[in-house]
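1. Quick one, fold the following:
(chains A, B and C)
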Amino acid sequence: MPSEEVRLLLDRLEALECDLFCWDFLLTWNHSADELQAVLLAAEALEALYRANISTRVFDGGLAVSNFRDKSTRTRFSFASAASLLGLSAQDLDETKSQIAHGETVRETANMISFLTEVIGIRDDLFLGEGHKYMAEVATAVEDGFRAGVLPQRPAVINLQCDQDHPTQTLADLLHLQRTFGALEALRGKKIAMTWAYSPSYGKPLSVPQGICTLMTRFGMDVVLAHPEGYDLLPETLEISRKHARESGGGFKQTHSMAEAFREADIVYPKSWAPYQVMERRTALLRSGNAAQLDDLERECVANNARYRAWECNEQLMQTTRAGNALYMHCLPADITGVSCEAGEVAADVFEQYRLRTYNEAEHKLYVIAALILLTRFENPARVLRGVVERAAPRRMS
Amino acid sequence: MPSEEVRLLLDRLEALECDLFCWDFLLTWNHSADELQAVLLAAEALEALYRANISTRVFDGGLAVSNFRDKSTRTRFSFASAASLLGLSAQDLDETKSQIAHGETVRETANMISFLTEVIGIRDDLFLGEGHKYMAEVATAVEDGFRAGVLPQRPAVINLQCDQDHPTQTLADLLHLQRTFGALEALRGKKIAMTWAYSPSYGKPLSVPQGICTLMTRFGMDVVLAHPEGYDLLPETLEISRKHARESGGGFKQTHSMAEAFREADIVYPKSWAPYQVMERRTALLRSGNAAQLDDLERECVANNARYRAWECNEQLMQTTRAGNALYMHCLPADITGVSCEAGEVAADVFEQYRLRTYNEAEHKLYVIAALILLTRFENPARVLRGVVERAAPRRMS
Amino acid sequence: MPSEEVRLLLDRLEALECDLFCWDFLLTWNHSADELQAVLLAAEALEALYRANISTRVFDGGLAVSNFRDKSTRTRFSFASAASLLGLSAQDLDETKSQIAHGETVRETANMISFLTEVIGIRDDLFLGEGHKYMAEVATAVEDGFRAGVLPQRPAVINLQCDQDHPTQTLADLLHLQRTFGALEALRGKKIAMTWAYSPSYGKPLSVPQGICTLMTRFGMDVVLAHPEGYDLLPETLEISRKHARESGGGFKQTHSMAEAFREADIVYPKSWAPYQVMERRTALLRSGNAAQLDDLERECVANNARYRAWECNEQLMQTTRAGNALYMHCLPADITGVSCEAGEVAADVFEQYRLRTYNEAEHKLYVIAALILLTRFENPARVLRGVVERAAPRRMS
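-> Numbering: from 1, shown residues only, chains lettered A, B, ... in the order given. Below you'll find the predicted structure:
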C-alpha cells in the first residue's frame, strides 16, 4: 500500500531540521544536509503518490513562473510538470515578448510578475558571474516586495541552472544514487568519477561538474574530478568540495587522467565542459559584442578540445571500474559517438547499456522541483502531504 | 435532460469493440470501424456534457503536450481546449526553444517530455514521407519507455496532421455529416465530391483529401475524387480508398472534371492541394537547402495552378448538385474569391451561405481530440464518462 | 473575518445597476458609472478572498485567450493571473505561429478560437485608428457566432490596451485612488494632474492619458491635462472628458505648463506619450512600409521631445503640490532619471519614495481583469461570489 510507504517518508521528513519555508533554493552548499535530505524525502513521497494515482494538488490556482535565459527541454518540461502536479498554472516569462530592461528594473519586473506567484524558476547559465547574481537579485526583490506587503506571498526563487550550480539536476542525481545503492548512507566511501569528456561542441556550462563535486562530497563519497589540463572549474567550488569532503569523511581529489578517475570507481559521470577561463573570456567578448574574436575563441577551443578526443567513456575504460560494473550517469543529452556526433563523450554501446537508467535519473528532476516548491512554500510540508494522503483524491478517474 | 442523451451514447459506446487503450491514433485506416464510431460517440457525449455545464475533468493534473512543426490556429486551440476540458495542462514543445537534434534523439526527447504526460499531439505535414514517420518514431519511443517502467503511463500519440492523414479533421467532418444527415447509416450511398480547387498559393498539404477519401469510403459513401491532371494524391491512399469502397459497398471514383464530381453530389469538399510529385521534389529541395530551385518550383507550381482557375466552387456548379443543395464542407481557412484572395477555391456567395456550418464542422475537432485522449488513456472510457455524469459537477458556477 | 468584509462588498455590488453580462469591455466611457463601480467592488472582493486563502475558482475548465499585438509583461501576467484565479486555462494567440490573414478573416479566427473560450483579452495599441476597431470586430464576430448557436457561450472581449483607452490600467488606478483616499466619494474635487513628461524614447501610446482624463472626470475629480504644445490627445477623448466633468460636477482643464498642473494637485500622473498627429503619420508610414521616412519621423520626434527635457517630475515640483505631498502615480515602467535612462519622466528620489505604492497600483490590475471576466460571464456575479464564500475552499492547503 503506497500510503504506508509515504507515511514512513513523512515521518522521516518531519524528524529533520528543515527551514526552507519562505526561502529560495539557489546553491546546494548554502543549505544544510538535513534540508537536502528533506528535498529527497519530499520528492520520493510525491513520486510515490503520483504512481499511486493520488492527486497532489495542494494549490487551487496561482502561478509557477519560469524564466529560461537559455534553451531547455528537460528542465522546461520538469518545471511545467511540477507545476501541474501541485495545481499551479505554469507561465513562462519570455523576455523577447516583454519590455524588460537590464539592471535596476529586475527589482520591478520581479514584483510585477509575482502578485499571484508561488515560485519563480530561473535558468541563466550562459555567462560566468551572471546567473547566480541575477537569481539573487530576483530573490531580494520579491523578499522586499513581500516584506513591504506588496506581494501577498513570498515566491520562492529556484535555480534551474546557473553559472555555479545546477541543484535540481544534482539532487535528482543524488536521488538516483540513493535508489541505486539503497540508501544515502550506502553512498559513504563510494568512489564517483566526475570526469571531463570530449565533445565536438564548446561552451558547455560548468554547473553540473561543480554541482556534483560540491554535493557528493557532503555525503561521504570519494569524489575524483578528472579533466585535461586547463579545463578548470571555478576555484571557489573546488574549495567548497574540499571542505565538504573533510567534514563528511569523504574525499575530493583532482587528476588529469580519465583512466585514474575510472579505476575502481563505483560511479562514473563523464561529461564535457568549457574551462572557466574560457567562459570568462567568452563572457567579456559577448558583453563587448566582439563577434570576430568570439569566432576566434570558438575555433581555438574546438581545436583544443580535439586534442582530447581520447577522453571518451568506452567499454575498455568501464572494464577498469569496480567489478567492471560502475553506474554510468549523465544529465542528458549526451554526445554519443557514432549516434549524435562522430566522436563524443561516450561510446554507443556503453550509453545504450545505461540509457534507460539515465531516463530514470532524469525523471527525478520534476519531483525534486515539486519538492522544492513544497518545502519553500509551506511551513509544515509533511502535514500538507499527510493531508494529501488522507484526502486520497484520485489524480485520474477510473 | 442531457444526462439521458449521454447515457444512450454511452450504452452504444460500450457495445462497440474498441481497443484503443494505451494506443496511438495516427491513421484512421489502421483502426476498425467500431473504433472510429467509438470516437464519434465519445465526442458527442463530451460535447453534450459541456453544453449541459457538466465538468468533464477526468484528470487532476498531468500534461497534454503539443508539437506543432507547422503553423496552426484551429488545431492548436482545439488541442488546448481538449486538454482544458479533461483537466490536463497544455504544454507546447517549441523546438526552437529546445535543443532537439534530429534522428536518434527523438527517442530520448519523447521520453524526457513524458514523465507526467497523457497525450502528445503532433502536427508535421510539411515534408512528404516525414510526418507519419516522425509520429511513429515518437510512439515507439514512449511505448519502449513505458514497457521499461521509465514512464509511469503510456502517453498516446495523436496525429494532428501528417503527410498522409489528418484524422482529427476528417473525424470532425464525419461527425458533421452524421449530424447533417441524421446518422452514420444515412451516409450510405451519399455522393461526396472531394475535389481540387484553385488557390493562388501552393504547397498545401494532401492530408485532408487523402483522409476524406480513405475515411468516407468506409461508411458506404460514394466518393468521387476530382482534380486536374497531375494533381495526384499518394498512390497508397487511393489503393486504400478503393479497398474500403469495395468492402463497405460504397464507391470510389477518380475524374479530372469538377463538373462531373459535383453532378448530383450530396456533399462537396472543394479544396486546393499540391500534387504529391511536387511535394516530393519540394521535400528533396528543402532537405538540400536549395533556395533558388525552391523558388523555381514555387513559380512553376503557381503558374501551373493558374491554368486551373476555373476550378472554383460557385453557384453555377452548386446548382448541379442534388436538388441544387449539396452540403459544402471545408477544413478552413478557405481561399474565398474576392474576400481572402482575388480568385480562390470558392465564390463568396457560396461560402457565405455555408459559413456558419463550416464553423460547426470545425467545432467538432476539439471534442474529437478529447475523445481520442479519453479512449486511448482509459481502459473503460464509458465507465469514466458515467462517473462524470453521476458526479454532475458544474463546469461553471451559477 | 474576511468573509464579512466580502459580504458587505457583495451587498453593495448587488445594489448597483450593472448590465455587463454577455458583453464586452472596450472603452470605459461606454459603460455606466454603476458598471464601473461594480468592477471595483468585484475586484475588491476577489482580492480579499485571495488574501484570505479562499479559492475563487468559478470555472472548472475553459479558456482565457490573450492576443498581444505589442510587447507586454505586466498585462500579460495580470491576464494569466486572473485566468488562474478563476479556474480558466490561459492560452495565447500568437499570430506569428498561426496563419491569420488580415481583414475579412478576423471574423473567422475569432470564432475558431472561441468554442471553449470565456474571455478574449486583446492588446493592440501600436496604430492609431486600429486597436479599438480590431477589438470591436472580434466582438461582433463572437456575438454573431453566439447568436447563431455556433459558440456555446459568448466570450467577453476585454481591452487590454488599445489606441483609445486602457481600461484595465485606469480602473486599477481608480481602485488605487479609492484605497488611498478612503472612498470613491472622497475623490470628488480632488485635483489630479495628468501631465506629459519627458522620455528619451518616442511612440508611447496615448491610451493611458486618454483613459485617465475620460475616467477620472466621471467621479467629480478636477482633472488637469498638461503637455507641451503639439502633444495633443485624440480630440474626441478631450470632448468626452469635458462632458464627463460637466455631468459630474468635476473639472477638466488643459494647460501647457507642468508647473501649473502640479500646483496644489492631490495626485500627479507624469507620463510620456507621442502626439496623436505623430501617431497618425507613423501609422500611415508603417502601413506603406516606408522605413526611411519612419527613421526620419523618429529622429524628428526624439529631437522634439528633447526640447522638453525640463518636463520631469522632481522634488521641487512635488513641493508645489497639496502640502507638498501629492500621490505620485504611474502605469510602469517609468523612465527614471539616472536609473533607467539619463534623463526621464521622474527623478530617482521621487520615484523611490513612491515605488512600492506604484506596485500596489499595479497589483489591482489582475483583480480588475478577473472582475471584468466575472461581470461579463455571469448573470448574477454577486450570487456566484456568495457561493464562493460559502464553499470556503482553501486556495492552498495548510
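2. Run a quick neighbour tally on the residue nearest to A:Asp266 when sequence neighbours are not counted.
-> Closest residue to A:Asp266 apart from its sequence neighbours, by Cβ to Cβ, 6 or more residues apart in numbering or on different chains: A:Lys190 at 4.2 Å. Every residue, glycine included, has its C-beta placed from N, CA and C. Residues within reach of A:Lys190, counting by other Cβ atoms under 10 Å in any protein chain shown, total 22.
3. what does A:Ala15 give?
-> Using other Cβ under 10 Å, A:Ala15 has 13 neighbouring residues.
4. Quick check: it vs chain C, distance?
-> With distances taken as Cβ to the nearest Cβ, to the nearest Å, A:Ala15 is found 21 Å from chain C.
5. Show the contacting residues for that residue.
-> Contacts for A:Ala15 (Cβ atoms under 8 Å, 6 or more residues apart in numbering or on different chains) come out as none.
6. Do I have it right that the residue nearest to A:Asp266 meets A:Ile267?
-> Yes - between A:Lys190 and A:Ile267 there is a contact under Cβ atoms under 8 Å: 6.5 Å.
7. For those two, list the residues in contact with both.
-> Counting by Cβ under 8 Å, 6+ apart, the residues touching both A:Lys190 and A:Ile267 are A:Leu177.
8. What number of residues are in the vicinity of the residue in chain A positioned nearest to chain B?
-> Relative to chain B, the nearest point of chain A is A:Thr73 (3.7 Å; Cβ to the nearest Cβ). Neighbours of A:Thr73 under the rule other Cβ under 10 Å: 21.
9. What segments of chain A are helices?
-> A:2-15, A:33-51, A:74-86, A:106-112, A:131-147, A:167-181, A:207-216, A:235-248, A:258-262, A:276-288, A:291-306, A:315-318, A:348-377, A:381-391 (DSSP state H).
10. So for B:Asn111, which of those helices sits nearest?
-> helix A:348-377 (5.3 Å; Cβ to Cβ).
11. check whether that closest one contacts chain B.
-> Yes - contact of helix A:348-377 with chain B (Cβ under 8 Å from any Cβ of the partner chain) involves A:356, A:359-360, A:362-363, A:366.
12. Tell me the residues of the stretch 101-250 of chain A that contact chain C?
-> Neighbours of chain C within the stretch 101-250 of chain A, by Cβ under 8 Å from any Cβ: A:101, A:103-105, A:108-109, A:111-113, A:115-117, A:145, A:148, A:150, A:152.
13. which two of those lie the greatest distance from each other?
-> Largest pairwise distance in those, by Cβ to Cβ, is 27.0 Å, between A:Gly103 and A:Pro152.
14. Neighbour count for these two, which is higher?
-> Neighbour comparison, A:Gly103 and A:Pro152: the larger count goes to A:Pro152, with 16 against 9 (by other Cβ under 10 Å).
15. OK, contacts around the more buried one?
-> A:115-116, C:50-51.
16. do that again at 7 Å, thanks
-> C:50-51 (Cβ atoms under 7 Å, 6 or more residues apart in numbering or on different chains).
17. Report pLDDT for it.
-> If you check A:Pro152, the pLDDT there is 97.
18. How about the one 10 residues further on?
-> With respect to pLDDT, A:Cys162 has a value of 97.
19. Please apply the same query to the one 5 residues further on.
-> A:Pro167 carries a pLDDT value of 98.
20. what do you get for A:His102?
-> 40.
21. Next: the one 3 residues further on.
-> Model confidence at A:Thr105, expressed as pLDDT, equals 81.
22. who's in contact with the closest residue to A:Leu88 other than its chain neighbours?
-> Among residues not flanking A:Leu88 along the chain, A:Ala64 sits closest, at 4.0 Å (Cβ to Cβ, 6+ apart). Listed by Cβ under 7 Å, 6+ apart, the contact partners of A:Ala64 are A:79, A:83, A:88-90, A:118-119.
23. distance of the closest residue to A:Pro394 other than its chain neighbours from chain C?
-> Distances taken as Cβ to Cβ, 6+ apart place A:Asn53 nearest to A:Pro394, at 5.3 Å, with adjacent residues excluded. According to Cβ to the nearest Cβ, A:Asn53 stands 19 Å off from chain C.
24. and A:Asn53, how many residues sit next to it?
-> 17.
25. Ok, A:Ile54 next?
-> For A:Ile54, using other Cβ under 10 Å, the count is 21.
26. In space, what's closest to it - neighbours in sequence excluded?
-> A:Ala392 (5.9 Å).
27. What confidence value was assigned to that neighbour?
-> 96.
28. For A:Lys365, list the residues it contacts.
-> A:74, A:78, A:168-169, A:172.
29. Now with 6 Å, please.
-> Applying Cβ atoms under 6 Å, 6 or more residues apart in numbering or on different chains, we find A:Lys365 in contact with A:78, A:168, A:172.
30. next one: A:Glu315
-> Counted by Cβ under 6 Å, 6+ apart, A:Glu315 has contacts A:349-350.
31. still on that earlier bit, and the residue nearest to A:Pro394, its phi and psi?
-> phi 60, psi 30 (degrees, to the nearest 10).
32. isn't it right next to A:Arg395, touching?
-> Yes - using Cβ atoms under 6 Å as the test, A:Asn53 is close enough to A:Arg395 to be in contact (5.2 Å).
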